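need a 3D model of the sequence below.
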Amino acid sequence: MRERDGAGRAAYAVASAVAVPAVAALAHIGPAATWLPELRRRWFPALAGVGRPDHVALTFDDGPDPVSTPRFLDVLEGLGVRATFFVLGENVARHPATARELVRRGHEIAVHGWSHGRPWLPSPARDARELERAAGAIGDATGRAPHWYRPPYGILTSGRWAAARRAGLRPVLWTAWGEDWRHDATPDSVRATVAADLGGGGTVLLHDTDHASAPGSWRAALGALPGLVADCRARGLVVGPLAEHGVGGARYRRGVPVVAPVRTAGAASSRPTAPGRP
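From the prediction side, this is the model:
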């Protein structure tokens, strides 16, 4: 009898040892299911970046890059379009002049994280530290406090949700992308891929650098821009930054979100509170 009781306790201990980490892992990675396009469009439209029906938000990830980003700024200026750039803190620290230039040209700067890693293991302290560090680098380089956050690969874990809330950042993903990171991407393929999922109120994801993509792949996105903008305008859609997109019914005054000031760790700012390849 004692042997059976001992075996039962041992089995329970083993099961608990397996179950607790499994539950913790699920709690960590579960929110990342919002990466699935149909799920977030249907159930989390604000997170997907759904905004005004007469507007399309144009966004870029992974910069700034002193070689490629200025090429995008030149094309956008020629098109009369402003966009939102989700930048990596480590790239801002390396290329602060490029970050300042995109802000000087009237574009919106947002947080993509400190580096382009995948957060498979839970580390809330790391998530908070890196997000604050990235936002701080943006502030130091540009004098602007970012409002938006898009995690690398669109993987929005529970730790990243909490870190964004603590930093006063609002997560936003996308409704259409161009698969412009691929080695075989072309301007035509990027344009067609975006068009397949894009409608009024959509948010487009492109990349202004090959920092985490196939070498030289940014040229496909650059070449697609004139056609993408023309397609939107032909449908009566205005192309612009997230600040003018009305995500989640937010009110805007001259392109600036109308929000109450919030306090982040150690300092005050006027960032919106958080409600999210890449």
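
C-alpha only now, for contacts and for neighbours.
Will do.

tell me which residues of stretch 213-224 are tucked away?
In terms of neighbour count (16 or more other C-alpha atoms under 10 Å), stretch 213-224 has its buried residues at 213, 217, 218, 219, 220, 221, 222, 223, 224.

quick one: residues contacting residue 194.
Residue 194 sits next to 176, 177, 178, 204, 228 when contact means C-alpha atoms under 8 Å, 6 or more residues apart in numbering.

in whichever strand or helix holds it, what counts as buried?
For residue 194, the host element (DSSP states H and E) is helix 187-197. For helix 187-197, the neighbour count (16+ other C-alpha under 10 Å) marks 187, 189, 190, 191, 192, 194, 195 as buried.

redo those as a markdown table? Include pLDDT and distance to residue 163.
Converted to a markdown table, those look like this (pLDDT from 0 to 100; distance: C-alpha to C-alpha, whole Å):
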| residue | pLDDT | distance to residue 163 |
| --- | --- | --- |
| 187 | 98 | 36 |
| 189 | 98 | 35 |
| 190 | 98 | 32 |
| 191 | 98 | 34 |
| 192 | 98 | 35 |
| 194 | 97 | 30 |
| 195 | 96 | 33 |
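
determine which two of those are furthest apart.
187 and 195 (12.3 Å; C-alpha to C-alpha).

where does pLDDT dip in the stretch 151-278 of the chain?
249-278 (pLDDT under 70).

swap in 90 and give it another go.
155-161, 212, 248-278 (pLDDT under 90).

just so I have it, where are all the strands in it?
Here the stretch 151-278 of the chain has its strands, by DSSP state E, counting those that start in this stretch, at 170-171, 176-177, 203-207, 238-240, 252-253, 256-257, 262-264, 267-269.

name the residues that touch stretch 101-113?
61-62, 70, 73, 82-89, 130-131, 134-135, 138, 142, 144, 146-152, 241-243.
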